[in-house]
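Participant: Pasting the sequence and the predicted coordinates here, then a few questions.
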Amino acid sequence: MEETINFKNLFQVLRKRLLLIILITIIAGTISAVISFFVLTPVYESKTQILVNQAKDDQQLYNTQTVQTNVQLINTYNDIITSPAILDKVIKELKLDGSAQTLSGQIQVTNAQDSQVAQIVVQDTSAKRATDIANTTASVFKNEVPKIMNVDNVKVLSKATLKESASPVKPQPLINIIIAMVVGLLGGVGLSFLLEYLDNTVKTEQDIENLLALPVMGVVTTIKDVPKATNVQRPDLAARVPQRGETFGS
């Protein structure tokens, strides 16, 4: 029974502060939309793939052991791709501003498990620049890896292409708005319970019982003021006009 009463009180609090909750939710969604559309800079993404294959001078049959060796080399190649040895040349060739460390933060190298294909993913505020960085990084790495590793087993599998109508990968306004509205909804609910907790005014009989730990014996209802009585003339007397020398009642 106590749980039912508690749940009932909770719903009463939510109902009481419903307008506040809705208002905070709408404001949060609106702020997120404004920031997503007008404040945040769009970021574009471009990808290129490289294949780590057996070396040209390797005359052995293409076997499982060779594949596993190439797969293990990819982990090493991932570090080499984002190293200054490669990125400094990319910056010089494309005449980019910034350091190799800054450019490394824009590049991510991934590969599926037990796959000889690595994917170079570049994010930039310019779609064209992201495409150029991806392709140049793959090209420079292919040319430099024989000097670094003494093995020529890297091929560019597919180059990044610039689409006519490239769409940014972030920000994602719809997702941001939904997340902001959910956060606003939770914040509104939390604020409602906080305001209810801080409100120590007495409003109901239950509040009195909780405050004084005494039962309520009776309730005095609100009595409206009764209008004052006005002088009412008797219709039978008001109908006759007394004549000279005549009085009422005679």
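Facilitator: Everything's here; your move. Residues are numbered from 1 along each chain as shown.
Participant: Which helix in the chain has the most residues?
Facilitator: As assigned by DSSP state H, the longest helix anywhere in the chain is helix 173-198.
Participant: Please pull up the helix or strand immediately following that one.
Facilitator: Next along the chain after helix 173-198, taking DSSP states H and E as the criterion, comes helix 205-212.
Participant: returning to what we had before: buried residues in the longest helix of the chain?
Facilitator: Buried residues in helix 173-198, counting neighbours by 16 or more other Cβ atoms under 10 Å, are found at 173, 176-177, 180-181, 184-185, 188-189, 192. Every residue, glycine included, has its C-beta placed from N, CA and C.
Participant: do the same with stretch 156-164
Facilitator: Within stretch 156-164, judged by 16+ other Cβ under 10 Å, the buried ones are 157, 160.
Participant: for it, how far is the first residue from the last?
Facilitator: 23 Å (Cα to Cα, to the nearest Å).
Participant: Assign a three-state SS to residue 121, would you?
Facilitator: Three-state call for residue 121 (DSSP: H, G, I helix; E, B strand; the rest coil): strand.
Participant: thought it was touching residue 108?
Facilitator: Yes - the pair residue 121 / residue 108 is scored as a contact, 4.6 Å apart, by Cβ atoms under 8 Å.
Participant: Break the protein into its domains for me.
Facilitator: 2-39+172-198, 44-158, 213-239 (automatic domain parsing).
Participant: Quick check: which of the ones you listed is buried the most?
Facilitator: Of all the domains of the chain, domain 44-158 has the most neighbours on average by mean count of other Cβ atoms under 10 Å, namely a mean of 16.
Participant: Now do the end-to-end distance for that one.
Facilitator: 18 Å.
Participant: Looking at per-residue confidence, what score does residue 109 get?
Facilitator: At residue 109, the model reports a pLDDT of 91.
Participant: Surely it is in contact with residue 134?
Facilitator: No - Residue 109 lies out of contact with residue 134 (Cβ under 8 Å); the separation is 10.8 Å.
Participant: re the thing from before, just put the buried residues of helix 173-198 in JSON lines and tack on pLDDT.
Facilitator: Formatted as JSON lines, the buried residues of helix 173-198 follow (pLDDT from 0 to 100):
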{"residue": "173", "pLDDT": "93"}
{"residue": "176", "pLDDT": "95"}
{"residue": "177", "pLDDT": "96"}
{"residue": "180", "pLDDT": "96"}
{"residue": "181", "pLDDT": "97"}
{"residue": "184", "pLDDT": "96"}
{"residue": "185", "pLDDT": "96"}
{"residue": "188", "pLDDT": "95"}
{"residue": "189", "pLDDT": "95"}
{"residue": "192", "pLDDT": "92"}
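Participant: between the residues you listed, which is closest to residue 78?
Facilitator: residue 176 (30.6 Å; Cβ to Cβ).
Participant: Wait, the closest one touches residue 36, no?
Facilitator: Yes - here residue 176 reaches residue 36: they are 4.7 Å apart, a contact under Cβ under 8 Å.
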